[in-house]
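A.B. asks: Quick one: sequence and predicted model below, then my questions.
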Amino acid sequence: MDKFEDFTELISDYLDKGLVLIVADLLSLITVSSCLVLKLPQINTIRTNKSSKGISVPGLCLELFSYTVMMSYNYSNDYTFLSYMEYPILLLQEYVLIYFTFKYQDLLGRKTQIIAGLYIVTCTLIYLKMFPIMILTFLVPFCTPIGATSKILQLIAILRTKDASSVSRTTWALSAFTNITRIYTVYVQSHDWMLLYNFITSTFLSSSVFVAACVFKKKPKET
């Protein structure tokens, strides 16, 4: 009975936060859930088409750098896992996406293998907490412009080739949606204008890539 009363009191205290903050919590949950499948439509599109034409390799590499730095910074500072849970989820999907993109652009050569080896060694040092945290602290502020640049490069790749057959509209629609939800949650919970600027910029760029992918999505030839 006491446990039930404690649970009821806990629910009551949570509801006292107000509708605005409850909605923010729900949107945060939706955002993290969306990250579980964010890259999967893009991976599936490349595998189905057996082509990664229109996918920006530099953009993917910059995105990988940004995700790696953010996750490493949070891990090295012993922050609660839930506070950065989306990064390892996105990283795992990013590895698969990069593999198939490189595979269909014939980029899995010796140079790529050497760079991948250096990346693994660096990640191992970070995991063992033998990597200087001051370097990660220095790199974190660059993640916002780097993330924006990766989206700009993807947009340029579509506009240059005029072919978005390998670009998943679902992935970019989800990206825009999750950024929109973060605009609301950040505004309600922290009013951090630097973060708001980041998510507003990301929403605009992700939406732009989505629109470009819709415009240049080639229809399959009729047989």
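C.D. replies: That came through, no problem.

A.B. asks: Check which helices and strands the longest helix anywhere in the chain is in contact with.
C.D. replies: Using DSSP state H to define each element, the chain has its longest helix at helix 193-215. Where contact means 3 or more C-beta pairs under 8 Å, 6 or more residues apart in numbering; DSSP states H and E, helix 193-215 is packed against helix 143-161, helix 169-189. (C-beta placed from N, C-alpha, C; glycine too.)

A.B. asks: Which other helices and strands does the longest one contact?
C.D. replies: Secondary-structure packing of helix 169-189 (3+ C-beta pairs under 8 Å, 6+ apart): helix 19-35, helix 40-49, helix 193-215.

A.B. asks: Next, the angle from it to helix 19-35.
C.D. replies: 150 degrees (axes from the mean of the first three to the mean of the last three C-alpha atoms, to 10 degrees).

A.B. asks: Report the contact partners of residue 129.
C.D. replies: Contacts for residue 129 were tallied using C-beta atoms under 8 Å, 6 or more residues apart in numbering; they are residue 76.

A.B. asks: secondary structure class for it?
C.D. replies: Secondary structure for residue 129, judged by DSSP: H, G, I helix; E, B strand; the rest coil, is coil.

A.B. asks: on that earlier part again, a markdown table for the helices and strands packed on helix 193-215, including mean pLDDT?
C.D. replies: Shown next, in a markdown table, are these (pLDDT from 0 to 100):
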| stretch | mean pLDDT |
| --- | --- |
| helix 143-161 | 90 |
| helix 169-189 | 87 |
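
A.B. asks: And those helices: which comes nearest residue 40?
C.D. replies: helix 169-189 (7.8 Å; C-beta to C-beta).

A.B. asks: And the contacts of the closest one?
C.D. replies: By C-beta under 8 Å, 6+ apart, helix 169-189 touches 20-21, 23-24, 27-28, 30-31, 34-35, 37-42, 192, 195-196, 199-200, 202-203, 206-207, 209-210, 213-214, 217.

A.B. asks: For it, which residues meet the burial criterion?
C.D. replies: Along helix 169-189, these residues count as buried under the neighbour rule (16 or more other C-beta atoms under 10 Å): 169-187.
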